[in-house]
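[1] Next comes the sequence, and after it the predicted model I'd like to discuss.
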Amino acid sequence: MATQFVRYTPDVEKDDPRFDQNLQTVIKKTESYIAESVGAGGTGRALRDAHAKGYGLVRGEVEILDGLPPEYAQGIYATPGTHDALIRFSNGSPHAGADARLGAATGLALKMFGMPGPTLLEDEPDTGTFDYANINGPIFFCNTVEHYLFIQDLFLNAPAYFAQGRPGMHRFFTDFVTGKGTLDRDDWAWDEFLAYLRLSKTPPVNLLLSSYWTMGAVRHGDHIAKVRFTPEPSAAAKVVRRDLDTASEQEVFRPALQAELLERPFTFDIQVQLCTDLARMPVEDTTVEWPERLSPSFTVAKLRLPRQDISGPENLEKMDALSFTPWRVTAEHAPLGNIMRVRKEVYRRSSIERHQLNRQPRTEPRSADEVLGPLR
């Protein structure tokens, strides 16, 4: 029997009557944190409110594969071909500092060039770029914008909690589950807390050896999907610097990435997992991992990273000046669900605030060469 994939319709998303009100509160807190980070963040610059520490800006090429089955050959994946790309590897924390302090939640943000069609960003529809902003976990620890309000507070203030040792850690956990005392016992955020614990136990490995997911669901043309970048097995087998000890040095992720790319190329498979059951593969509940047994991830493209030198400080400066957002996509790939929807305006306003404070021009590049220069 052929697999029946769920067709996309607008009603797969639930309307939140308090969405706009909560969104404005999130934006206000985000802009305040970014402004304060100039003095408090330890770098003298405005930090992102998430993925504040970058590990490197990498040149790449995306090959969209030919001969894909019709249900996967949707949107940008309906047209085979190659596109230049830039990749930003980062830590998921809103703070900067030693890798051991920040943990092993990491991200891979991808920007593809020469993509046809208007984006969903009304203030920059014709950039010709297409972004993903993925994390190294198949789930997320927040399901509603209302819960995001207190979870955002917890993460922005995490150093103050954990500086108090075990009592501070216990208070952090209690405030997470109870919504800082705002939630009724029957509504305590257990699913989100357990998702956070699972993600916090991610072991530190070379950034090339992690898989990176879209966190929430996205449209895939006529269908609903999650997209991940996963190491191509043959490329992963060649990586020398594999398990990392964050206690051994202040910096471990960037040196390992830098050394590998200087010695050999690398390839990720870009894979699409189509939804077959909205009950077991939900759109609004991001704490639920979509089971591969219900719908295996299918490779639709290759992300190839050539050998390159990312060691110079200018690499980090160029990386810091870029913006990545899951909403710089075409309508056929729109992010789905309230948590994904809140990211649209929060990412945009965050980018504007950060670029203004750092006196950086906020313009989308037209090619990888424009940012990094020709590959030598």
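    Arrived safely.

[2] what ranges of the chain fall below the confidence cut-off?
    1-2 (pLDDT under 70).

[3] Any idea which residue is closest to the centre of it?
    N134 (2.8 Å; CA atoms, centre = their mean).

[4] Now do the same contact list for the closest residue to it other than its chain neighbours.
    Take N134 and drop its neighbours on the chain: the residue closest to it by CB to CB, 6 or more residues apart in numbering is Y212, 3.7 Å away. Every C-beta, even on glycine, is put in place using the N, C-alpha and C of the backbone. Contacts for Y212 (CB atoms under 8 Å, 6 or more residues apart in numbering) come out as T106, G107, L108, N134, I135, N136, R228, F229, T230.

[5] Downstream of the top helix by length along the chain, the next helix or strand is which one?
    Counting by DSSP state H, the longest helix found in the chain is helix 19-40. Sequence order places strand 54-64 as the next helix or strand after helix 19-40, per DSSP states H and E.

[6] Just give the strands next to that next one in its sheet, each with its orientation.
    Sheet pairing of strand 54-64 (DSSP bridges) gives strand 81-91 (antiparallel), strand 298-305 (antiparallel).

[7] most tightly surrounded among those strands?
    Mean neighbour count, computed with mean count of other CB atoms under 10 Å, is highest for strand 81-91 among the strands paired with strand 54-64, reaching a mean of 21.

[8] contacting residues around the helix or strand containing R219?
    Element membership for R219, per DSSP H and E: strand 218-220. With contact meaning CB under 8 Å, 6+ apart, strand 218-220 is reached by 8, 72, 74-75, 77, 224-227, 272, 274, 326, 329, 331-336, 340.

[9] on that earlier part again, show me what the residue nearest to the centre of the chain bridges to in the sheet.
    Here N134, judged by DSSP bridges, has bridge partners L108.

[10] Just the helices from the chain, written as ranges.
    19-40, 99-102, 145-156, 158-162, 165-178, 190-200, 233-236, 253-263, 313-320, 338-357, 368-372.

[11] Show me what the second one packs onto, helices and strands only.
    Contacts defined by 3 or more CB pairs under 8 Å, 6 or more residues apart in numbering; DSSP states H and E place helix 99-102 against no helix or strand at all.

[12] Send over that helix as CSV, restricted to the C-alpha atoms.
    What follows is helix 99-102, C-alpha atoms only, in CSV (Å, rounded to 0.1, in the frame of the first residue of the first chain):
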residue,chain,number,x,y,z
ASP,A,99,32.3,26.3,25.0
ALA,A,100,32.0,24.4,28.3
ARG,A,101,29.8,27.2,29.7
LEU,A,102,27.5,27.2,26.6
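
[13] follow-up on the earlier one: can you put the strands paired with strand 54-64 in TSV and add distance to T30?
    Below are the strands paired with strand 54-64 laid out as TSV (distance: least, CB to CB, whole Å):
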stretch	distance to T30
strand 81-91	17
strand 298-305	29
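
[14] how about those, which one is nearest A321?
    Across the strands paired with strand 54-64, A321 has its closest neighbour in strand 81-91 (10.8 Å, CB to CB).

[15] what's the nearest residue to M115 if we skip its chain neighbours?
    F130 (4.1 Å).

[16] Was I right to think that neighbour contacts V329?
    Yes - between F130 and V329 there is a contact under CB atoms under 8 Å: 5.7 Å.

[17] and for these two, which residues touch both?
    Common neighbours of F130 and V329, counting by CB under 8 Å, 6+ apart, are T119.

[18] circling back: identify the bridge partners of the residue nearest to M115.
    Residues in a beta bridge with F130, per DSSP bridges, are M112.
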